[in-house]
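Asks: Need a 3D model of the sequence below.
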Amino acid sequence: MGLTDTLAARFDVAGHDSDVRTELVAGLTTFLAMSYIIVVNPAILSAAIDIEGYSQGEVFQMIAIATILSAAIGTAVMALYANRPFGLAPGLGLNAFFAFTVVLGLGIPWETALAAVFVEGVLFMLLTAVGARKYVIQLFPEPVKRSVGAGIGLFLLFIGFQELQIVVPDDATLVTLGGIFGNPWAILGLLGLTFTFGLWARGITGSIVIGILSTAIVGWGLTLAGVFQRGVITPETLPTAQYDITPLAGAFVDGLGGIDPLTFVLVVFTFFFVDFFDTAGTLIGVSQFGDFLDEDGDLPDMDKPLMADAVGTTAGAMLGTSTVTTYIESSTGVEEGGRTGLTALVVALLFLASLVVIPVVAAIPEYASFIALIVVGVMMLQGLVEVDWNNPAWAVSAGLTVTVMPFAYSIADGLAAGIIAYPLIKVAVGEYDDVALGQYVIAALLIIYYVLQTRGVIL
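Replies: Numbering: from 1, shown residues only. Here you go, the predicted structure:
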């Protein structure tokens, strides 16, 4: 039996109405669509992770390696255990929560934040093993399931616009349009974004990666031609190649000690809360694009991809990166015909192969990296077409899910708003029998949490 026959039999390719060649092409497509995270994740996390004795560029490369390895591990588990064509990597939105809310906002040391991610990853593995995580996810109101992808998209759009300096702070209105055409950083970001959207609209595979690299090349070209000085639109200095990640990997162990137990429990709970709902929402969103959901909006055999997600998160924390999750870009491979874990296995192997480009990633300016957030954010808005806007419970629940995320700068808060609103509106219109007991319980617990949280009793 040849390699092709072995792979076809191992992943039951024929039984899923596919073939090996289609799965290989689908894997390459998914990797090209999501490989931008190799650059974008370090760009976000390096703002919060500071390692004494190492430059930001060197830390950037360490995080890039941790990103690649955690993506490869999580995706390999998805391939070999869950047999689903989903790619995994540190999640956009979750990494922003790690950096901007927990570390920079709450002042929690980054080592402690990694320890919290590790602990909640272990908890997720235990909950998934007993089926509890799947049960809770199935209690999500359907309008929340259908709209969560769009909410995450708006959150990413907001972050991307800020990082490109297209949107800037304002004392009177909180945010306003920046002085774009007086700012070379914003101009290049906007031009790169326009180019990337054009590639994406034409269906070019890897459009986001091409857009990032093209924008970076233009920036470096203008710098080397003397139009701008180093440090204006390109990094002022470039670090040496950094493949030693020992200062980052294992740092979560330091975060487990020397901390107030109550504070640590609250940090773990905060990560657990955000990751639980965000991961579930993203997985459902990907399955929604791939038409894997059943008639009730649930993913059959959800425990297996959830376990892959939990293993990836735990491994990622050990290596030094934020929560690993299923990527919405997996839908690009599904559209190419990917139906089995062979697609995911190809993605995992390509991530490992990308380790050779680590010395290059630190040379990519941030305005090029953050193009990805805006493009992906727009792509994720597509889920709104499945919301029944004529149904009051759907409209209120989905509407709050989508809008609270960017306005509160929190994925978890948006999900909570939709989950709480659904039973309230159902009761208001006299359809309280349509709401499961578990949905009432979750809504009540969330209300209690937010009363305590907004009064400053807990984080």
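
Asks: Please identify the buried residues of stretch 330-346?
Replies: For stretch 330-346, a neighbour-count test (16 or more other C-beta atoms under 10 Å) marks 330-334, 336-346 as buried. (Each C-beta comes from the backbone N, C-alpha and C, glycine too.)

Asks: so which of these comes closest to I425?
Replies: S331 (30.1 Å; C-beta to C-beta).

Asks: Tell me which helix or strand comes right after whichever strand or helix holds the closest one.
Replies: Applying DSSP states H and E as the criterion places S331 in helix 330-335. Sequence-wise, the next helix or strand downstream of helix 330-335 (DSSP H and E) is helix 341-353.

Asks: Check what contacts stretch 111-128 and list those residues.
Replies: Contact partners of stretch 111-128, identified using C-beta atoms under 8 Å, 6 or more residues apart in numbering, comprise 48, 98, 102-103, 108, 133-134, 251-256, 259, 264, 267-268, 270-272, 275-276, 279, 303, 306-307, 309-311, 313-318, 320, 322-323.

Asks: Filter those residues down to the ones in helices?
Replies: 133-134, 251-256, 264, 267-268, 270-272, 275-276, 279, 303, 306-307, 309-311, 313-318 (DSSP state H).

Asks: what's the neighbour count on the spatially closest residue to T234 that is not a sequence neighbour?
Replies: Closest residue to T234 apart from its sequence neighbours, by C-beta to C-beta, 6 or more residues apart in numbering: T223 at 4.5 Å. Applying other C-beta atoms under 10 Å, we find 18 other residues in the vicinity of T223.

Asks: Look up the pLDDT of T223 for me, please.
Replies: Looking at T223, its pLDDT reads 92.

Asks: which secondary structure element contains it?
Replies: With DSSP H and E as criterion, T223 is part of helix 207-224.

Asks: Give the other helices and strands that that helix contacts.
Replies: Judged by 3 or more C-beta pairs under 8 Å, 6 or more residues apart in numbering; DSSP states H and E, helix 207-224 is in contact with helix 184-201, helix 366-369, helix 371-379.

Asks: in it, what's buried?
Replies: Buried residues in helix 207-224, counted by 16+ other C-beta under 10 Å: 207-216, 218-220, 222-223.

Asks: and what of stretch 135-151?
Replies: 137-151.

Asks: Same question for stretch 433-450.
Replies: Within stretch 433-450, the residues scored as buried using 16+ other C-beta under 10 Å are 435, 439-440, 442-443, 446, 449.

Asks: Next, name the residue at the spatial heart of the protein.
Replies: The chain has G91 as the residue nearest its centroid, 2.2 Å off, counting by C-alpha atoms, centre = their mean.

Asks: That one contacts V324, correct?
Replies: Yes: the pair G91 and V324 qualifies as a contact (C-beta atoms under 8 Å) at a distance of 6.9 Å.

Asks: would you put the C-alpha positions of the helix holding S331 in PDB?
Replies: Presented in PDB, the C-alpha positions along helix 330-335 are these (Å, rounded to 0.1, in the frame of the first residue of the first chain):
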ATOM      1  CA  SER A 330     -10.300  26.900   7.800                       C
ATOM      2  CA  SER A 331     -13.400  27.600   5.800                       C
ATOM      3  CA  THR A 332     -11.200  28.400   2.800                       C
ATOM      4  CA  GLY A 333      -9.800  24.900   2.800                       C
ATOM      5  CA  VAL A 334     -13.300  23.500   3.200                       C
ATOM      6  CA  GLU A 335     -14.400  25.500   0.200                       C
END
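
Asks: Which elements pack onto it?
Replies: Counting by 3+ C-beta pairs under 8 Å, 6+ apart, helix 330-335 packs on helix 20-34, helix 261-290, helix 341-353.

Asks: To I37, which of the helices and strands packed on helix 207-224 lies closest?
Replies: I37 lies closest to helix 371-379 among the helices and strands packed on helix 207-224, at 7.7 Å (C-beta to C-beta).

Asks: between the closest one and helix 207-224, how many degrees?
Replies: Relative orientation of helix 371-379 and helix 207-224, computed by axes from the mean of the first three to the mean of the last three C-alpha atoms, to 10 degrees: 150 degrees.

Asks: Could you pull up the mean pLDDT of helix 371-379?
Replies: Mean per-residue pLDDT for helix 371-379: 84.

Asks: what's the answer for stretch 234-242, then?
Replies: Mean pLDDT, taken over the full extent of stretch 234-242, equals 79.

Asks: One more: stretch 150-163?
Replies: Computed over stretch 150-163, the average pLDDT equals 86.

Asks: I would like the residues contacting it, please.
Replies: Contacts for stretch 150-163 (C-beta under 8 Å, 6+ apart): 92-93, 96, 167-168, 175, 278, 281-282, 285, 366-367, 370-374, 376-384, 401-406, 409, 411, 414-415.

Asks: swap the cut-off to 7 Å and go again
Replies: The contact list for stretch 150-163, computed with C-beta atoms under 7 Å, 6 or more residues apart in numbering, reads 92-93, 96, 167, 281-282, 366, 370, 373-374, 376-378, 380-381, 383-384, 401-402, 405-406, 411, 414.

Asks: now swap in stretch 5-17 and tell me
Replies: Around stretch 5-17, the neighbours that count as contacts under C-beta under 7 Å, 6+ apart are 19-20, 23, 83, 339-342.

Asks: 10 Å - rerun?
Replies: If you take C-beta atoms under 10 Å, 6 or more residues apart in numbering as the criterion, stretch 5-17 is touched by 1-2, 4, 18-24, 79-80, 83, 85, 337-346.

Asks: circling back to that earlier point, how many degrees apart are the helix holding T223 and helix 20-34 in direction?
Replies: Using the same axes, to 10 degrees, helix 207-224 lies at 40 degrees relative to helix 20-34.

Asks: got the angle between helix 207-224 and helix 184-201?
Replies: Using the same axes, to 10 degrees: helix 207-224 against helix 184-201 is 150 degrees.

Asks: Now do stretch 231-247: distance from first to last residue.
Replies: This stretch, stretch 231-247, spans 27 Å end to end (C-alpha to C-alpha, to the nearest Å).

Asks: In it, which of the residues would be classed as buried?
Replies: Buried residues in stretch 231-247 (16+ other C-beta under 10 Å): 233-235, 239, 242, 245, 247.

Asks: out of the buried residues of stretch 135-151, who's nearest A72?
Replies: Top of the list for closeness to A72, among these and by C-beta to C-beta, is G149 at 24.4 Å.

Asks: rewinding a little: now, which of the buried residues of helix 207-224 sits nearest V396?
Replies: Closest to V396, out of all of the buried residues of helix 207-224 and judged by C-beta to C-beta, is I208, at 33.5 Å.

Asks: Model confidence score at M1, please.
Replies: pLDDT, read off for M1, is 63.

Asks: before we move on, what about the one 10 residues further on?
Replies: At F11, the model reports a pLDDT of 93.

Asks: Ramachandran angles for it?
Replies: Phi and psi for F11, reported as degrees, to the nearest 10, are phi -100, psi 10.
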